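A.B. asks: From the sequence below, what's the structure:
(3 chains)
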Amino acid sequence: MPELPEAETIARGLNRRLARRRLGPVALLRSDIVHGDPRPLDRLLPGRRVMRVHRQAKRVVLDLQPATQLVFHLGMSGRLYLCGVAEPIEKHTHLRIRIVGTHHELRFRDPRRFGGVWCLTGSHRHKGKRLGEVGLEPLETTPAVFRRILSRQRQIKALLLDQRAIAGLGNIYSDESLHAAHIHPLAKAGDLDRAAADRLLRAIKTTLRKAIRFGGSTFMDYRRADGAEGSFQRYHRVYNREGKPCRACGTTIVRIRAAGRSTFFCPKCQPVA
DNA sequence: CGCATTTCCTGGAGGC
DNA sequence: TGCCTCCAGGAAATGC
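C.D. replies: Just a heads-up that it's a prediction; the model follows:
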């Protein structure tokens, strides 16, 4: 379940190995995962040079020259990694792109297919799904701007999951941030006073930065660009810890449903306001 | 309009 | 062992 820290980790790993490289032949094994410019990828991509790989919200973006962006959304089971061209092709591998001058290729694999690839060229023609608009980049947001998105009646957990409001948080980091900020997941966003709102933004930043330092959280599918697992899951305080003692106070962690998602919190650290 | 809920998809877990 | 059901979740679609 790649969220911002996982996308950041993958982007950094790929940037180190792909910057300045040229893309070679493309094999598209499943075409309905590709959106954007309707021309085939094996005509659009070969010969283009990777200028850099970076992250936007939860997405991994390859900036290509001339003027093209290849945007990967990993959904929940998506993996994007470099491997030797002779490595066995795992089930649900949808796209392979050779890297010129190496014996490696970039592979996109996504069993559950909630993810996808967008090839953006500036062409006015477009096929497939539109890439949704994204809201605030949490690591670059000021308290005053953050307070502006706290719509009145909305549950704070639902708001944190809404990519159009603030981008990059998924289920794990929403729960971890709310715990660190001592805010109940069902609290109404508009009920947060200024101190609580500022505390929440600080908790979001701290949690994301720490997760990035540990290479993200691996539960099932997520791997770094080099195949290694992240390790931040060892430091989760609430996520997936139903029935276990809170790491701050020892109270039993509770699981409820919020915004249609499993939501974990500590009833003592995160009291109803 | 502004919310909340359902849907898409597959693999893994657990029941029997 | 095998078959069944349920669950995970990002984001679009649908419902209230």
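
A.B. asks: Find me the pLDDT at residue A:151, would you?
C.D. replies: Residue A:151 is assigned a predicted lDDT (pLDDT) of 84.

A.B. asks: what does the stretch 51-200 of chain A put close to DNA strand B?
C.D. replies: Taking CB under 7 Å from any atom of the strand as the measure of proximity, the stretch 51-200 of chain A contacts DNA strand B at A:91-92, A:111-114, A:151-155, A:158. For the C-beta atoms, the positions are set from N, CA and C on the backbone; glycine is no exception.

A.B. asks: Show the buried residues in these.
C.D. replies: Neighbour-count burial (16 or more other CB atoms under 10 Å) is assigned, among these, to A:92, A:111, A:154-155, A:158.

A.B. asks: Looking at these, which are in strands?
C.D. replies: The members of these all map outside strands under DSSP state E.

A.B. asks: Tell me the one of these nearest residue A:246?
C.D. replies: Using CB to CB, residue A:155 comes nearest to residue A:246 of those, at 21.2 Å.

A.B. asks: residue contacts, the nearest residue to residue A:119 once chain neighbours are set aside?
C.D. replies: Distances taken as CB to CB, 6 or more residues apart in numbering put residue A:36 closest to residue A:119, at 4.3 Å, once the chain neighbours are dropped. Taking CB atoms under 8 Å, 6 or more residues apart in numbering as the definition of contact, the neighbours of residue A:36 are A:71, A:117-121, A:126-128, A:131.

A.B. asks: ok, of those residues, which one's closest to residue A:79?
C.D. replies: Proximity of those to residue A:79 was ranked by CB to CB; the top entry is residue A:117 with 12.8 Å.

A.B. asks: and the residue in the stretch 151-273 of chain A that DNA strand B sits nearest to, what are its phi and psi?
C.D. replies: Across the stretch 151-273 of chain A, no residue is closer to DNA strand B than residue A:260, which sits at 3.0 Å (CB to the nearest atom of the strand). Residue A:260 has phi and psi values of phi 70, psi 10 when expressed as degrees, to the nearest 10.

A.B. asks: Over to the one 4 residues further on?
C.D. replies: Main-chain dihedrals, residue A:264, degrees, to the nearest 10: phi -110, psi 140.

A.B. asks: That one against residue A:253, yeah?
C.D. replies: Yes. Counting by CB atoms under 8 Å, residue A:264 sits close enough to residue A:253 to count as a contact (5.6 Å).

A.B. asks: Show me the common contact partners of these two, please.
C.D. replies: Between them, residue A:264 and residue A:253 have A:238, A:241-242 as joint contacts when contacts are counted by CB under 8 Å, 6+ apart.

A.B. asks: which of the residues you listed tops the neighbour count?
C.D. replies: Sorting the shared contacts of residue A:264 and residue A:253 by how many neighbours each has (other CB atoms under 10 Å) puts residue A:238 first, at 26 neighbours.

A.B. asks: okay, now residue A:35: neighbour count?
C.D. replies: Using other CB under 10 Å, residue A:35 has 19 neighbouring residues.

A.B. asks: now check the strand or helix carrying it, is it near DNA strand C?
C.D. replies: Secondary-structure element containing residue A:35, defined by DSSP states H and E: strand A:34-36. No. Using CB under 7 Å from any atom of the strand, we find that strand A:34-36 stays clear of DNA strand C, coming within 10.5 Å at best.

A.B. asks: Save the contacts of residue A:36 as CSV, and put in neighbour count and pLDDT too.
C.D. replies: Compiled in CSV, the contacts of residue A:36 are given as follows (neighbours: other CB atoms under 10 Å; pLDDT from 0 to 100):
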residue, neighbour count, pLDDT
A:71, 18, 96
A:117, 24, 96
A:118, 20, 96
A:119, 23, 96
A:120, 17, 95
A:121, 16, 94
A:126, 14, 90
A:127, 13, 90
A:128, 17, 90
A:131, 18, 90
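
A.B. asks: Could you tell me which of these are located in strands?
C.D. replies: Filtering the contacts of residue A:36 for membership in strands, criterion DSSP E, returns A:71, A:117-120.

A.B. asks: What is the most widely separated pair among those residues?
C.D. replies: Checked with CB to CB, these reach their widest spread between A:117 and A:120, with 10.3 Å between them.
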